[in-house]
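Colleague: here is my input, please return the structure:
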Amino acid sequence: MDLEKRPQGRPQEPPRRSDPEGCVAAAIRVPVRIVVLVLVVPVRLVWDALVVAGRVLRDAVLRPVGRALAWLGRAVFVWPLVGVWRYLVVPLAKGAARLGYVLLVVPAVWVYRWVLTPVGHALVWCAGGVGAVLAAVGRGLYAVLAVVGRGLYAVLAALARGLVVVPAVWLWTWVLAPVGRALARCLRVVATGVGVALYWTVRVLLVLPALAVWRWVLTPVGRVLAVVGREVRDALGHAWRIAGYVSLAVGRFLAALVRWTVVEPARWAYRSVLTPVGHAVRDTVLRPLAEASRAAGRATRRALASARTAVRQARADVRRALFGEPPRARPVARREPSVAEARTLGRSTTALTKD
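Modeller: You can find the predicted model right below:
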């Protein structure tokens, strides 16, 4: 029993195939992927090995060498150049600028202010007078030439109209225009016939054969090549991903092999052999040596302190025997009460109220 109602009128379309190429793509896909996988897996393994080696080389060799070279370059080139620039070139440039200002700028400013400026003002005043005279003369000449020019223009315009313009208009209207129209009609008819003949000649000899070759040869070959190219591209993508998984598995296997053959025995040797031996050496040899050295140091310091005290006492005895007892300082009366006269918790008087 059909539980869902189908829409009336339009029939249901059959499901489309996900692979429009059919058997051609299926026949090409499997061998191409097998061949590409066999060729790509070694390339991917070599590529991953080169990537790992490059990272190790970069982190262990190139970066330290680059930092050392950078520091060496700064020490050899940059710092000397900075010192020369800061302590030699800049002071010399400042001194040269100051000297140039005193020897060139100051005299040039003085000459400009007190020589060239007055002379320029005088020349401008003279040029203004001469220009006014020349302007008056020019205005008079312009008025005379304008009157003469208007008369000549009227005469020449009348002659040109009568001798050139009127005959040229008549010639264009009654001779050249009809002849040009007739030639244009003839050329149009000839061009149309030649164009039609060339069109059908090119169509029959070039367009139709090219269209047939395109439709029946190039299009099927192009479709087949497109299918092959797409399958090769997809095969390369799948093979590269599978080779990545294979390379990851090989890398993990090698890492586990190195771990169980080198790292774990070394760790076991460190924990089980070297650490107890080190503790034993520390407890039996190093600690007693450290205690003995500390005791010797303390005894040495006490002996040196005793020697310094004896030397100081002997020096004081010699000074007393030669120069006598040094004079003692007299006690100075202080405003603060002494400890015996100060107020305590058991007394009610102070040093100021005490009789």
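
Colleague: tell me, how many residues neighbour Ala122?
Modeller: By other CB atoms under 10 Å, the residues close to Ala122 number 10. For the C-beta atoms, the positions are set from N, CA and C on the backbone; glycine is no exception.

Colleague: could I get the pLDDT score of it?
Modeller: On pLDDT, Ala122 comes in at 88.

Colleague: residue contacts, Ala93?
Modeller: Applying CB atoms under 8 Å, 6 or more residues apart in numbering, we find Ala93 in contact with no residue.

Colleague: how does it look with 10 Å?
Modeller: Residues in contact with Ala93 (CB atoms under 10 Å, 6 or more residues apart in numbering) are Trp85.

Colleague: and it, what element?
Modeller: Ala93 is part of helix 90-100, with elements assigned from DSSP states H and E.

Colleague: any idea how far Arg63 lies from Val51?
Modeller: 17 Å (CB to CB, to the nearest Å).

Colleague: again with Leu171
Modeller: 89 Å.

Colleague: also Ala122?
Modeller: Following CB to CB, the distance that separates Ala122 from Val51 is 86 Å.

Colleague: kindly report the same for Arg139.
Modeller: Taking CB to CB, one finds Arg139 at 92 Å from Val51.

Colleague: so, low pLDDT: which residues of the protein?
Modeller: 1-28, 323-355 (pLDDT under 70).

Colleague: and the helices in the protein?
Modeller: 23-57, 63-73, 79-84, 90-100, 106-111, 117-160, 166-171, 177-202, 208-213, 219-258, 264-269, 275-281, 287-323 (DSSP state H).

Colleague: starting at the chain centroid, how far to the second one?
Modeller: Computed by CA atoms, centre = their mean, to the nearest Å, the chain-centroid distance of helix 63-73 equals 21 Å.

Colleague: so which bits of that helix are buried?
Modeller: Buried residues in helix 63-73, counted by 16 or more other CB atoms under 10 Å: none are found.

Colleague: quick one: contacts of it?
Modeller: With CB under 10 Å, 6+ apart, helix 63-73 has contacts from 57-58, 78-79.

Colleague: which of these lies closest to Gly195?
Modeller: Distance ranking of the contacts of helix 63-73 against Gly195, using CB to CB, places Arg58 first at 70.7 Å.

Colleague: who's in contact with Val262?
Modeller: So Val262 contacts nothing (CB under 10 Å, 6+ apart).

Colleague: now it: how far from Arg298?
Modeller: Distance from Val262 to Arg298, by CB to CB: 48 Å.

Colleague: any idea how far Leu123 is from Gly129?
Modeller: Gly129 is 11 Å from Leu123, by CB to CB.

Colleague: Val217: how many residues sit nearby?
Modeller: 10.

Colleague: and if you look at Val36?
Modeller: If we define neighbours as other CB under 10 Å, then Val36 has 22 of them.

Colleague: my guess is it contacts Arg241. True?
Modeller: No. Using CB atoms under 10 Å, Val36 is not in contact with Arg241, being 11.7 Å away.

Colleague: and the helix holding Ala93, how far from the chain's centre?
Modeller: 37 Å.

Colleague: CA atoms only: put that helix into PDB for me.
Modeller: Extracted C-alpha coordinates of helix 90-100, given in PDB (Å, rounded to 0.1, in the frame of the first residue of the first chain):
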ATOM      1  CA  VAL A  90      77.500  64.100  12.100                       C
ATOM      2  CA  PRO A  91      79.900  66.500  13.900                       C
ATOM      3  CA  LEU A  92      81.800  67.200  10.700                       C
ATOM      4  CA  ALA A  93      78.500  67.800   8.800                       C
ATOM      5  CA  LYS A  94      77.300  70.200  11.600                       C
ATOM      6  CA  GLY A  95      80.700  72.100  11.500                       C
ATOM      7  CA  ALA A  96      80.600  72.300   7.700                       C
ATOM      8  CA  ALA A  97      77.000  73.500   7.800                       C
ATOM      9  CA  ARG A  98      77.900  76.200  10.300                       C
ATOM     10  CA  LEU A  99      81.000  77.300   8.300                       C
ATOM     11  CA  GLY A 100      78.900  77.400   5.100                       C
END
